[in-house]
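> test case, fold it:
(2 chains)
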There are 2 protein chains.
Amino acid sequence: MCQLLAMNCNVPTDIVFSFTGFALRGGQTDTHHDGWGIAFFEGAGVRHFVDHQAAIHSPIAELIKNYPIKSKNVIAHIRKATQGEVMLENCHPFVRELWGRYWVFAHNGDLKEFAPVLHGPFRPVGTTDSEQAFCLILQELSERFGDTCPPLPMLRAQVEKTVRNIAAHGTFNMMLSDGRAMFAHCSTHLHYIVRQHPFDKANLSDEDVSVDFSQVTTPNDRVAVIVTQPLTTNEQWTAFAPGEIKCFVDGLPQKRDFEQI
Amino acid sequence: MCQLLAMNCNVPTDIVFSFTGFALRGGQTDTHHDGWGIAFFEGAGVRHFVDHQAAIHSPIAELIKNYPIKSKNVIAHIRKATQGEVMLENCHPFVRELWGRYWVFAHNGDLKEFAPVLHGPFRPVGTTDSEQAFCLILQELSERFGDTCPPLPMLRAQVEKTVRNIAAHGTFNMMLSDGRAMFAHCSTHLHYIVRQHPFDKANLSDEDVSVDFSQVTTPNDRVAVIVTQPLTTNEQWTAFAPGEIKCFVDGLPQKRDFEQI
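Sure, this is the predicted structure:
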């Protein structure tokens, strides 16, 4: 199994603190050493870093820990291979374009008897079940809505439909973002926290590092962090229920009947 | 105008030497400071780095100069904005997937009255003429060959056809690779060199750096480097003719009637 980390914010925020603890799980405090990756939305663009080295040995992971890239939507993944060899093309997150926007996807889990018919323009490059699932989600979005990205409630309904069908094949903890919304589905383990005013100090569980968010934020900032296992020891993380899908926008989980954005 | 650099080899090779000189043109020895980017094929996967900072100020460019990523196909670009703002989504190279393989594209030049009808699955995310051109190339490949990547001679013929149509709109120096072949089209300036046994020493034009390739290669290695302006002072570079398209495979420019690979 792999580990997932995502961030969704109302202002561009750096993920250095969370990534520092998370990256240690790639070979030091945990055994997820079959590659890693991270993707940052920046405007409509995406910075995408993948490496098939363990995160703790990767010079690119070192760069990320020291280079505060600010983003409103980030997805990171540390891989413990279950299906697909340890090769660059099998490292998550995966990136594709649909409707003139980039989509980023990462998955933790294992799907059984999952062989979707991919007859649309999205085909896997690597050999993971995960990339097949991503292609299927985009194919069904594209078939359902044609040429134009629909309003978010309709988008969400379709994503949920495909995700539930995929999740019936096994374990499908996943994160998906189009740079605007962050969708997260939990089969087994997923936790989230919303940090907002008044900000406080947080201590990493994986390393003796803490940060006082009140020193690096404004009262208007709001940041949701979603992760396989909580990253800090002194904050209140909320566990997803198995089968739960959440959609985060501007750092907040959205109600099912949320307004069109 | 921007600057382009590409490498096509028969064995995975690092581009540290060439990139070191090339990156200096991003704000030091030349004025191309509106972002930069580089993409490396590694197996079927791609490492893709883009930054809207000048290459000489970019911590990511610093990483590339010091981290010998080995690849058989690399495309790099330093941007001087002509169309499209200085934003991450406008940085080359661009990456898309077609037929279950990644395609990488970069362009130097400026297209006039170029507004292709993009009705297929490839849409620009940013606002450059370049990304529109890339989407058009992939759309026409996809329309011409349907679901399956054709043999290289057929692929090359279609790429050439679309590229010539696009080039009629202005300056279109471009590089395109699917991880197997490297296509290069010259409107104004493009040069290449094939380095092979017996290897010799080369001196960079942009910095007081030299490398003795005989110390870092085997007799079977072959590396083609394609660039806007020659990178070294003591080697024989070949200039493309205006309007010339070349296709490199395994470090060699291919004859027009080359065998199917």
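
> A:Leu5 bridge partners, please.
A:Ala76, A:Val227 (DSSP bridges).

> give me the pLDDT for it.
pLDDT recorded at A:Leu5 is 95.

> pretty sure it contacts A:Phe22?
Yes: assessed by Cβ atoms under 8 Å, A:Leu5 is found in contact with A:Phe22 at 4.7 Å. For the C-beta atoms, the positions are set from N, CA and C on the backbone; glycine is no exception.

> residues in contact with the helix or strand harbouring A:Phe248: which ones?
Using DSSP states H and E, A:Phe248 maps to strand A:245-249. The contact list for strand A:245-249 (Cβ atoms under 8 Å, 6 or more residues apart in numbering or on different chains) reads A:8, A:152, A:156, A:159-160, A:163-164, A:180-186, A:192, A:224, A:226, A:240, A:253-254, A:258, A:261.

> need the buried ones from those residues selected in PyMOL.
Command for PyMOL, covering only those of the contacts of strand A:245-249 found buried under the criterion 16 or more other Cβ atoms under 10 Å in any protein chain shown:
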select buried, chain A and resi 8+152+156+159+163+180+181+182+183+184+185+186+192+224+226+240+253+254
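
> for stretch A:111-130, what is the distance to the chain centroid?
Mean-position distance between stretch A:111-130 and its chain equals 19 Å (Cα atoms, centre = their mean, to the nearest Å).

> wait, stretch A:40-58
Chain-centre distance of stretch A:40-58: 12 Å, with Cα atoms, centre = their mean.

> how near is A:Leu111 to chain B?
A:Leu111 is 19 Å from chain B, where distance means Cβ to the nearest Cβ, to the nearest Å.

> count the neighbours of that residue for me.
By other Cβ atoms under 10 Å in any protein chain shown, 23 other residues sit near A:Leu111.

> I figured A:Ala106 hits A:Phe94, correct?
Yes: using Cβ under 8 Å, A:Ala106 is in contact with A:Phe94, at 7.4 Å.

> who's more crowded, those two?
Per other Cβ under 10 Å, whichever of A:Ala106 and A:Phe94 has more neighbours is A:Phe94, with 31 against 28.

> identify the residues contacting that one.
A:Phe94 makes contact with A:Val104, A:Phe105, A:Ala106, A:Ser130, A:Glu131, A:Phe134 under the criterion Cβ under 8 Å, 6+ apart.

> separation between the third one and A:His185?
So that's A:Ala106. To A:His185, A:Ala106 is 11 Å away according to Cβ to Cβ, to the nearest Å.

> overlap of the contact sets of these two?
Contacts common to A:Ala106 and A:His185, judged by Cβ under 8 Å, 6+ apart, are A:Met174.

> circling back: tell me which of A:Leu5 and A:Phe22 has more neighbours.
Between A:Leu5 and A:Phe22, A:Phe22 has the larger neighbour count (other Cβ under 10 Å), namely 31 against 25.

> within its sheet, name the partner strands of the next helix or strand after the strand holding A:Phe248 and how each one runs.
Next along the chain after strand A:245-249, taking DSSP H and E as the criterion, comes strand A:252-253. Strand A:252-253 has its sheet partners listed here by DSSP bridges as strand A:245-249 (antiparallel).

> all helices of chain A, in order?
Per DSSP state H, chain A carries helices over the ranges A:16-24, A:59-66, A:129-145, A:152-167.

> chain B: which of those helices is closest?
Comparison of the helices of chain A against chain B by Cβ to the nearest Cβ identifies helix A:59-66 as nearest, at 5.1 Å.

> got the buried residues for the closest one?
Neighbour-count burial for helix A:59-66 flags A:Ile60, A:Ala61, A:Leu63, A:Ile64, A:Lys65 (criterion: 16+ other Cβ under 10 Å).

> now, which of those residues sits nearest B:Phe122?
B:Phe122 has its nearest neighbour among the buried residues of helix A:59-66 in A:Ile60, at 27.9 Å by Cβ to Cβ.

> perfect, I'm done here.
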